[in-house]
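Peer 1: What shape does this take:
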Amino acid sequence: MEHLTVINTFLETFDNGYYGPLSVDDVYLYCNIKGNRQSKIIISEIAKANVVTPQKEVKIQCKNDKCVTGVTGDLYDSLTFRTDLSGFDTENFNVLLNLLIDSLRIR
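Peer 2: Numbering: from 1, shown residues only. Below is the predicted model:
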C-alpha cells in the first residue's frame, strides 16, 4: 500500500517518532506508539480523517460509536495524531490519511 508507506515515512520524524508505524490486517488499522504500545481502529468503522486544529491535530473519526481501542484498553471515538511541535502540515497529513482510508475500503 503506497499511502501506508508514505504515512509511515512521515511518522518516523513526526513528534519525535512518538506515533507509528501504522500497519493493517483484515480487521484493524494499528498505530504503534513509542514504548511498545499500540492503538487500533476497526477498519469497517472508520468514517474519515479530519483536521481538528491546524498545525496541531488530526483525527481519524469513527462512523458511529467508539471503535478505537487505546493503549490502555479504553474505547474512543477517534484515533488522534497530535503535537505541540511546529511544522505539522495537518492538511497534507489529513489528505494522506483519507487516501489510505479510501484504499482500505476497496480491498
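Peer 1: Name the single longest strand found in this structure.
Peer 2: strand 46-53 (DSSP state E).
Peer 1: Enumerate every residue touching residue 45.
Peer 2: With contact set as CB atoms under 8 Å, 6 or more residues apart in numbering, residue 45 has these partners: 62-65, 67. For glycine as for every other residue, the C-beta is placed from the backbone atoms N, C-alpha and C.
Peer 1: While we're on the residue lying closest to it once chain neighbours are set aside, how confident is the model there?
Peer 2: What sits nearest to residue 45 in space, not counting adjacent residues and going by CB to CB, 6 or more residues apart in numbering, is residue 67, at 3.6 Å. As summarised for this prediction, residue 67 has a pLDDT of 95.
Peer 1: Residue 67 and residue 43 touch, don't they?
Peer 2: No - under the contact definition of CB atoms under 8 Å, residue 67 does not touch residue 43, with a separation of 9.2 Å.
Peer 1: For the two, indicate the residue with more neighbours.
Peer 2: Counted by other CB atoms under 10 Å, residue 67 and residue 43 do not tie: residue 67 has more neighbours, with 23 against 17.
Peer 1: Mind telling me what element residue 94 is part of?
Peer 2: Element membership of residue 94, judged by DSSP states H and E, is helix 90-105.
Peer 1: by how many degrees do that helix and strand 46-53 diverge?
Peer 2: Going by axes from the mean of the first three to the mean of the last three CA atoms, to 10 degrees, helix 90-105 is angled at 180 degrees with respect to strand 46-53.
Peer 1: Alpha carbons of helix 90-105, as PDB, please.
Peer 2: The C-alpha coordinates for helix 90-105 follow below in PDB (Å, rounded to 0.1, in the frame of the first residue of the first chain):
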ATOM      1  CA  THR A  90      -2.100  18.900   9.000                       C
ATOM      2  CA  GLU A  91      -3.700  19.500   5.600                       C
ATOM      3  CA  ASN A  92      -1.300  17.200   3.800                       C
ATOM      4  CA  PHE A  93      -1.300  14.500   6.600                       C
ATOM      5  CA  ASN A  94      -5.200  14.600   6.500                       C
ATOM      6  CA  VAL A  95      -5.200  14.000   2.700                       C
ATOM      7  CA  LEU A  96      -2.700  11.100   3.100                       C
ATOM      8  CA  LEU A  97      -4.900   9.500   5.900                       C
ATOM      9  CA  ASN A  98      -8.000   9.800   3.800                       C
ATOM     10  CA  LEU A  99      -6.300   8.300   0.800                       C
ATOM     11  CA  LEU A 100      -5.300   5.400   3.000                       C
ATOM     12  CA  ILE A 101      -8.800   5.100   4.400                       C
ATOM     13  CA  ASP A 102     -10.300   5.000   0.900                       C
ATOM     14  CA  SER A 103      -7.800   2.300  -0.200                       C
ATOM     15  CA  LEU A 104      -8.700   0.200   2.900                       C
ATOM     16  CA  ARG A 105     -12.400   0.300   1.900                       C
END
